[in-house]
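Chemist: would you be able to build a 3D model of this:
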Amino acid sequence: MKIILLFIVAYLLGSIPSGLWIGKFFFHIDLRKHGSGNMGTTNTFRVLGKKAGFVVFILDVAKGTIATLLPTFFHITTINPLWFGVCAIIGHTFPIFAHFKGGKAVATSAGMLLGYAPHFFLVAFLLFITIIYLTSMVSVASILCMIMVSIGSFIFPKYVPWILPHFNSLFSTIAIVLTIFIIYRHRDNIKRIMNGTENKVSFGLGYKKEKKKS
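Modeler: Purely as a prediction, here's the structure:
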């Protein structure tokens, strides 16, 4: 019964629509009606500004991290903590508090990674920032980082164990499924990338090049 309750708690944590609530309570703006219509970090940055975007990013990551750590908090060792992180990701993507229409699962997936393998999270986050600096596109950084996590889940335990000490088939499976899912959720972004019309953040080399052209 405790495990079932914690699964529900993990889902409800993930369901908290950080961007939507912050937009409504502090800015009187419904993110679903502005920008890309998404409630995630990128659209929050674009519509509400850097401070709000940063707060939403932290909150969305925290949802995945806290959910993944729930079994540790309650001394449960009979089930892999990744399942609780998955529940939070499902909640974030299909939130009960926002009519089951949520974000693209990137930040909450990162939170699950932070709760499960902090060193791996650090490597992925540094890669994420580097790709954003080079391209100025969050979508590209999100997709490439998820691909790296999937590949790294197989390679790092053998060759760079300080990043990921042990191979976990469940972790690798979840990483691959999430990579496919996140690529699917970014299908419109991929079309814009191929057409050269993808939105860029006001940071990095890609943004500077675009600004010079204009």
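
Chemist: and the nearest residue to His166 once chain neighbours are set aside, what is it in contact with?
Modeler: Once flanking residues are discounted, His166 sits nearest to Pro157: 5.6 Å by CB to CB, 6 or more residues apart in numbering. C-betas here are computed from N, CA, C, even on glycine. Listed by CB atoms under 8 Å, 6 or more residues apart in numbering, the contact set of Pro157 reads Leu164, Pro165, His166, Phe167.

Chemist: which SSE is immediately downstream of the helix or strand where Pro157 lies?
Modeler: Using DSSP states H and E, Pro157 sits in helix 138-159. Note on helix 138-159: by DSSP H and E, the next helix or strand toward the C-terminus is helix 169-185.

Chemist: report all helices and strands that that following helix contacts.
Modeler: With contacts taken as 3 or more CB pairs under 8 Å, 6 or more residues apart in numbering; DSSP states H and E, helix 169-185 sits against helix 82-93, helix 106-116, helix 138-159.

Chemist: what sits up against the first one?
Modeler: For helix 82-93, the surrounding residues in contact (CB under 8 Å, 6+ apart) are 6-7, 10-16, 60, 63-64, 66-68, 70-71, 102-105, 107-109, 111-112, 115-116, 168, 170-171, 174, 178, 185.

Chemist: buried subset of these?
Modeler: Taking 16 or more other CB atoms under 10 Å as the criterion, what is buried in these is 6-7, 10-16, 60, 63-64, 66-68, 70-71, 102-105, 107-109, 111-112, 115-116, 168, 171, 174, 178, 185.

Chemist: give the contact list for the closest residue to Tyr207 other than its chain neighbours.
Modeler: Spatial nearest neighbour of Tyr207, chain neighbours left out: Ser136 (4.0 Å); criterion: CB to CB, 6+ apart. Ser136 sits next to Lys200, Val201, Ser202, Phe203, Gly204, Leu205, Gly206, Tyr207, Lys208, Glu210 when contact means CB under 8 Å, 6+ apart.

Chemist: okay, now Val47: neighbour count?
Modeler: Using other CB atoms under 10 Å, the number of residues around Val47 comes to 21.

Chemist: separation between the residue nearest to Tyr207 and Gly206?
Modeler: As judged by CB to CB, to the nearest Å, Ser136 and Gly206 stand 3 Å apart.
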